[in-house]
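Enquirer: Generate a structure from the sequence data that follows.
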Amino acid sequence: MRIEEALNDWERHLVGVRRLSAATVRAYTSDLRDVVRNVGAATDTSKIDLEALRSWQWAATKRGDSRATVARRTSSVKAFFSWALESGIVLADPAVRLSAPKRGRTLPKVATSGALAEVLNKEHDAGADGDPLVLRDSAILETLYGSGMRVSELCSLDIDDVDLSRRTARVRGKGAKERVVPFGDPAASAIDLYRRSARPALVERGSGEVSALFLGARGGRIGPRSVYDVVSRLVSPAVGGGDVGPHTLRHSAATHLLDGGADLRAVQEILGHASLGTTQIYTHVSAERLAASYRLAHPRA
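Expert: Residues are numbered from 1 along each chain as shown. Modelled structure (predicted):
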């Protein structure tokens, strides 16, 4: 079977049997498309051996792909060929001895609470003239930072998912798992103002009433790309530029919670991490921030 055909069958398996989310399926298939481009779509899957896969890894490294990217794609390749072996598409798994490069530990980018307060206050003041998009953007920033939710979770929020009286939101996370996350008074006020003074105007720009909480400029449910653009435009200058997006606000929220004394397990629940180990990366961020403050302030540092 051609690898292109096998990949299509595997995609159907991920959707119909494993019932993975659309985003996860896209990630898996995108990783395998890179292999297809390297070996050729018409190549018989059974003809792909360990050397071909190592050649693919080398090509990815030479073009500048990061260790994390190559490691993730290698994991996808191993999962694909494991399934292909079970399905009888190949007689031997060529990826069994395929090693992934070790990922270097990179700490997430975190903004200081002071820098974020300045950004949030500035955007709040900018909404005084009633511009619907400015009010929306202010509510988006406050919600992302106030709750630590993922951008996909924010985009999937419906009006009924948010309880302003309890300061909580019901979000749908990875694997279609639901959880309830808290947020503070500033986020509640920003959402309330947006819902009353801005959202109706955005609804009128669309084709009719929609259930989504946050809307795009044309009245439809806002997408992750638009949210990324909003955060990058407004927050990037305050944190020194670079790769700044919704994830920066999520990382910042987690780190500031731990800095403030929140329990690691509680932060895990808020963020929706399946593993406590994923949450623990933020303890390293807090420790490094503490060490940096010590080096700057102590006369004997």
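
Enquirer: rest of the way, CA atoms for contacts and neighbours
Expert: Fine.

Enquirer: Verify the contact between Thr279 and Glu269 for me.
Expert: No. With contact defined as CA atoms under 8 Å, Thr279 does not count as touching Glu269 (9.5 Å).

Enquirer: more neighbours, these two?
Expert: Neighbour comparison, Thr279 and Glu269: the larger count goes to Thr279, with 22 against 16 (by other CA atoms under 10 Å).

Enquirer: ok so that one is a helix residue?
Expert: Yes. Counting by DSSP: H, G, I helix; E, B strand; the rest coil, one finds Thr279 located in a helix.

Enquirer: how near is it to Leu249?
Expert: 15 Å (CA to CA, to the nearest Å).

Enquirer: same question, Thr255
Expert: To Leu249, Thr255 is 10 Å away according to CA to CA.

Enquirer: Run through who's touching stretch 219-226.
Expert: Residues outside stretch 219-226 that contact it (CA atoms under 8 Å, 6 or more residues apart in numbering) are 151-152, 155, 202-207, 210, 212-216.

Enquirer: could you flag which of those residues are buried?
Expert: The neighbour-count test (16 or more other CA atoms under 10 Å) marks Val151, Ser152, Cys155, Leu202, Val203, Gly206, Ala212, Leu213, Phe214, Leu215, Gly216 as buried among the contacts of stretch 219-226.

Enquirer: if we can go back for a sec, what do Thr255 and Leu249 both touch?
Expert: Both Thr255 and Leu249 are in contact with Val110, where contact means CA under 8 Å, 6+ apart.

Enquirer: list the contacts for Gly146?
Expert: If you count contacts by CA under 8 Å, 6+ apart, Gly146 has them with Pro182, Phe183, Gly184, Pro186, Ala187, Ala253.

Enquirer: Identify the residues contacting Ile3.
Expert: Contact analysis of Ile3 by CA under 8 Å, 6+ apart lists Val36, Ala41, Ala42, Thr43, Asp44, Thr45.

Enquirer: Can I get the buried ones among the contacts of stretch 219-226 in a markdown table including pLDDT, distance to Val162 and secondary structure?
Expert: As requested, the buried ones among the contacts of stretch 219-226 are arranged in a markdown table below (pLDDT from 0 to 100; distance: CA to CA, whole Å; DSSP: H, G, I helix; E, B strand; the rest coil):
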| residue | pLDDT | distance to Val162 | secondary structure |
| --- | --- | --- | --- |
| Val151 | 94 | 16 | helix |
| Ser152 | 92 | 15 | helix |
| Cys155 | 94 | 13 | helix |
| Leu202 | 94 | 19 | helix |
| Val203 | 93 | 18 | helix |
| Gly206 | 84 | 22 | coil |
| Ala212 | 94 | 11 | strand |
| Leu213 | 96 | 9 | coil |
| Phe214 | 96 | 11 | coil |
| Leu215 | 96 | 15 | strand |
| Gly216 | 94 | 18 | coil |
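
Enquirer: Of those residues, which pair is most distant in space?
Expert: Greatest spacing in those, by CA to CA: Val151 and Gly206 (22.1 Å).

Enquirer: my read: Ala201 touches Pro132, true?
Expert: Yes. Counting by CA under 8 Å, Pro132 is a contact partner of Ala201 at 6.9 Å.

Enquirer: Which one of the two is surrounded by more residues?
Expert: Taking other CA under 10 Å, Ala201 and Pro132 do not tie; Pro132 has more neighbours (19 against 16).

Enquirer: The more buried one: what's its closest spatial neighbour, skipping adjacent residues?
Expert: Closest residue in space to Pro132, ignoring its immediate chain neighbours: Ala198 at 4.2 Å, by CA to CA, 6 or more residues apart in numbering.

Enquirer: who are the neighbours in contact with the one you found?
Expert: Taking CA under 8 Å, 6+ apart, we find Ala198 in contact with Gly130, Asp131, Pro132, Leu133, Leu135, Arg136.
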